[in-house]
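*Asks:* below are the sequence and a predicted model; questions follow.
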Amino acid sequence: MRGAFLFLALSPILAAGQGPIETRNARAPSLTFLRLNPRGPLLAPGERSFRFGLMSANNLRLRDGVREDQETERAEVRLGWGVARGEWTLHVPFLSRGGGFMDPLILGYHRLIGIHNQRETIPFGRSEEILPGIGSFGSATGLGDISATYSHAVSPNTFASFAVKLPTGNAGSLLGSGNVDVGMALYKRWRLGARFNLYGQIGGIYQGKPTRLRFARSLVDQESLALEFLQSSR
């Protein structure tokens, strides 16, 4: 019950967006590869955009030889240009992996809603990323892998996106994959009455052979489905 109350209290913060929340898997190994996030409509021809996104993820995973106890902050600058029947977008990420600040906050929240787990026995502020057969990574900060996306309108409510990621991040510090990735996705929006939109996405990524994460798959599929409620004047 207390957890549901906190969710409802935070809901107005989420209600201010337009289209799906542009989110992705925030594990450090996953962040080194290209992903085409859920997203809303394209920019109009001649329109420009500057967006700044900040994601903070506290990761704790201790099983099957994986020792993951760290926090990753990922800031991304996104520059968009609307063109005839499409849009260009440049993504420039900056990453910082370390002990972070959320350990005591998460433990306090867990105790508030009655969750008891291994966090209660682990020291705060550790920065550890150990992957079986690959090695260990400590704290790191720097530029990630830059990517560019071209999106082409297929119909008023459908568009296709094509993206390429360049190995500009330091793969030895787990800030990039060390190789080029390419991907594409198809997006569609359905109007569900006057107050709801349904957004769908399907696509795939070809991940170039990474220099450190050598057990990574070459092909990764992506799907997403998002329901949007449009606010009224009330």
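*Replies:* Received it, and whenever you're ready, just let me know what you need.
*Asks:* where are the low-confidence patches of this protein?
*Replies:* Applying pLDDT under 70 to the chain flags the ranges 1-17.
*Asks:* apply 80 and report the result again.
*Replies:* Residue ranges of the chain with pLDDT under 80: 1-17, 232-234.
*Asks:* how about the helices in it?
*Replies:* 2-14, 28-31, 103-113 (DSSP state H).
*Asks:* could you say what helices and strands the shortest one packs with?
*Replies:* In this case it means helix 28-31. Here helix 28-31 touches strand 66-83, strand 86-98, going by 3 or more CB pairs under 8 Å, 6 or more residues apart in numbering; DSSP states H and E. Any C-beta I mention is one placed from the backbone N, CA and C, and that applies to glycine too.
*Asks:* who wins for proximity to Ala216 among these?
*Replies:* Each of the helices and strands packed on helix 28-31 has some distance to Ala216 by CB to CB; the shortest is strand 66-83, at 14.2 Å.
*Asks:* remind me what the closest one packs against, helices and strands.
*Replies:* Using 3+ CB pairs under 8 Å, 6+ apart, the elements in contact with strand 66-83 are helix 28-31, strand 48-63, strand 86-98, strand 128-131.
*Asks:* give the contact list for the residue lying closest to Arg48 once chain neighbours are set aside.
*Replies:* Distances taken as CB to CB, 6 or more residues apart in numbering place Trp81 nearest to Arg48, at 5.9 Å, with adjacent residues excluded. Contact analysis of Trp81 by CB atoms under 8 Å, 6 or more residues apart in numbering lists Leu43, Glu47, Arg48, Glu87, Trp88, Thr89.
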